[in-house]
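A.B. asks: pasting the sequence and the predicted coordinates here, then a few questions.
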Amino acid sequence: MTRKYFGTDGIRGRVGEAPITPEFVIHLGYSAGKVLTSSDWHLSKGERPAVLIGKDTRISGYMLESALQAGLSAAGVDVLLSGPMPTPAVAYLTRALRLQAGIVISASHNPFEDNGIKFFSALGTKLPDATEQEIEAGLKAPLKAMPSAQLGKARRVNDARGRYIEFCKSTFPNHLDLRGLRIVVDCAHGATYQIAGPVLHELGADVVAIGIHPDGLNINHECGATHSATLQEAVRHHRADIGVALDGDGDRVIMTDGEGVLYDGDRLIYIIAKHRKQNGLLKGGVAGTLMTNLAIENGLKKLNISFARANVGDRYVLELLQKKNWQLGGEGSGHIICLDKHTTGDGIISALQVLYAMRDSGKTLTELASDVTLYPQQLINVRVPKGFDAHNSLAIKAAQSEAERDLDTTGRVLLRASGTEPLIRVMVEGESGQKVKHWAEKIAEVVRNAAMTGERPAEKAVPN
């Protein structure tokens, strides 16, 4: 069954437009509740299933939280409300409180006009495809509330923030601390605004927290992991040793050194992997994505660390880690998964793993990453007619092959279709910036021409 609403990271869209409307979300909550109550959750006799709802700081979160609560209650499910809470915190609390599921209301790094719904299982993992399909199928059934005596109740989890702060701190070694480090942390006016600063402060750091004044409209606006200039400027202004920037729901992180030099997810994963390898703490290899910089793959090989690529998206990175029984992976965007620490990607915990490498080795961020330099990478988005398949074009195949022969082992070419827009993304990377630029522009032009002329598929093309 093809999923109509669920994407790779839950359901997401513009608030007020289908499917992010109060009517749909009430029905979604009801359907999810019915799926939960129809499953074997090993509940005691007479006990109702319970679900935790967390959210980021978007103004629409109030409306969607109420809608979800109404739908779940109508299905006979008790609801626990945490208020603003990072996505990975909801995953942790769902597992720690022995609940049947967790729900996050967030659109992650998107602007405030967007919002979304994500689900976590009782184990703190993302729901299996089959469960999401079952929830979608339930949306076709009419909403019929349970008898009054069987309706769900709701209550606040007053100690949610403190529980999660302690959990984050527990992932940092007891014999180390952050004393003597001045750290700027940018919380993007999002879900970590009351959490990231206290975690770092209680571990001993001198913390300068910015992006901690959410008003419902300013989440991710010119701040956080998607707008690094704000962090870089603050690090230089406060003469900090390290900068940490999180996104609106706290599941991705980027960092800077004391000079404001940026370290994306690729380089942070490399630092964590290298430290773990040197200390015998790395289980298996490292999972990246099709977009992971080639320099990282080559650098890991020099350290005798296995590397594998998944499709773009932290969901697919997680699936690859589980398949290979590895523990570390992520994306250049800052989604980093440390399965020995948490069941999902967590920006705060990932930053703590980098800080652990620094304190344990006595080296700076710059020194830890000095042996790997990212290759120049150029990405060009080419708009194409809907349904156009670049991989069926003889001209595009020829251009890609020519580029790959020229780049040889010092670069690579990747063509992939956007999952949300009629675009072909042309990515070229390699040691030579000049070659990268040349081939990216040339291949993009070939894609553009093939799309405009409506070139027939390769298997049906007639040679000139």
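C.D. replies: Alright, I've got the coordinates. Numbering: from 1, shown residues only.
A.B. asks: for my notes, confirm His329 occurs in a helix.
C.D. replies: That one is not His; residue 329 is Gly. No - counting by DSSP: H, G, I helix; E, B strand; the rest coil, Gly329 is not part of a helix but strand.
A.B. asks: and it, what are its bridge partners?
C.D. replies: On the basis of DSSP bridges, Gly329 is bridged to Ala287, Ile337.
A.B. asks: can I get the CA coordinates of stretch 324-343 in CSV?
C.D. replies: Extracted in CSV, the C-alpha atoms of stretch 324-343 (Å, rounded to 0.1, in the frame of the first residue of the first chain):
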residue,chain,number,x,y,z
LYS,A,324,24.6,-3.9,9.6
ASN,A,325,24.4,-3.8,13.4
TRP,A,326,26.5,-0.6,13.5
GLN,A,327,26.0,2.3,15.9
LEU,A,328,27.2,5.5,14.2
GLY,A,329,25.9,7.3,11.2
GLY,A,330,24.4,10.5,9.9
GLU,A,331,24.2,13.3,7.3
GLY,A,332,26.1,16.4,6.4
SER,A,333,23.0,18.4,7.5
GLY,A,334,23.8,17.5,11.1
HIS,A,335,21.5,14.5,11.7
ILE,A,336,23.8,12.3,13.7
ILE,A,337,22.7,8.9,15.1
CYS,A,338,24.6,7.3,18.0
LEU,A,339,22.7,4.1,18.7
ASP,A,340,24.7,3.3,21.8
LYS,A,341,23.4,6.5,23.3
HIS,A,342,19.9,7.0,21.9
THR,A,343,17.4,5.3,19.6
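A.B. asks: look up the closest residue to Ala450, ignoring the ones flanking it.
C.D. replies: Leaving aside its sequence neighbours, Ala450 sits nearest to Ser393 (C-beta to C-beta, 6 or more residues apart in numbering; 4.5 Å). For every residue, glycine as well, the C-beta is placed using N, CA and C.
A.B. asks: what about the one you found, neighbour count?
C.D. replies: Ser393 has 25 neighbours, counted by other C-beta atoms under 10 Å.
A.B. asks: cool, and Arg14?
C.D. replies: By other C-beta under 10 Å, the residues close to Arg14 number 15.
A.B. asks: next one: Gly102
C.D. replies: 29.
A.B. asks: give me the distance between it and Val446.
C.D. replies: 46 Å (C-beta to C-beta, to the nearest Å).
A.B. asks: so what's the spatially closest residue to Glu132 that is not a sequence neighbour scoring on pLDDT?
C.D. replies: Spatial nearest neighbour of Glu132, excluding adjacent residues (C-beta to C-beta, 6+ apart): Phe6 at 4.4 Å. For Phe6, the model assigns a pLDDT of 91.
A.B. asks: list the residues that contact Phe6.
C.D. replies: Contacts here follow C-beta atoms under 8 Å, 6 or more residues apart in numbering; on that basis Phe6 touches 132-133, 135-136.
A.B. asks: cool, and Val312?
C.D. replies: Counting by C-beta under 8 Å, 6+ apart, Val312 makes contact with 289-291, 331, 416.
A.B. asks: hang on, Val90 in a helix?
C.D. replies: Yes - with three-state DSSP as the criterion, Val90 is located in a helix.
A.B. asks: neighbours of it, how many?
C.D. replies: With other C-beta under 10 Å as criterion, Val90 counts 31.
A.B. asks: for it, give its distance to Leu320.
C.D. replies: Distance of Val90 to Leu320, given as C-beta to C-beta: 23 Å.
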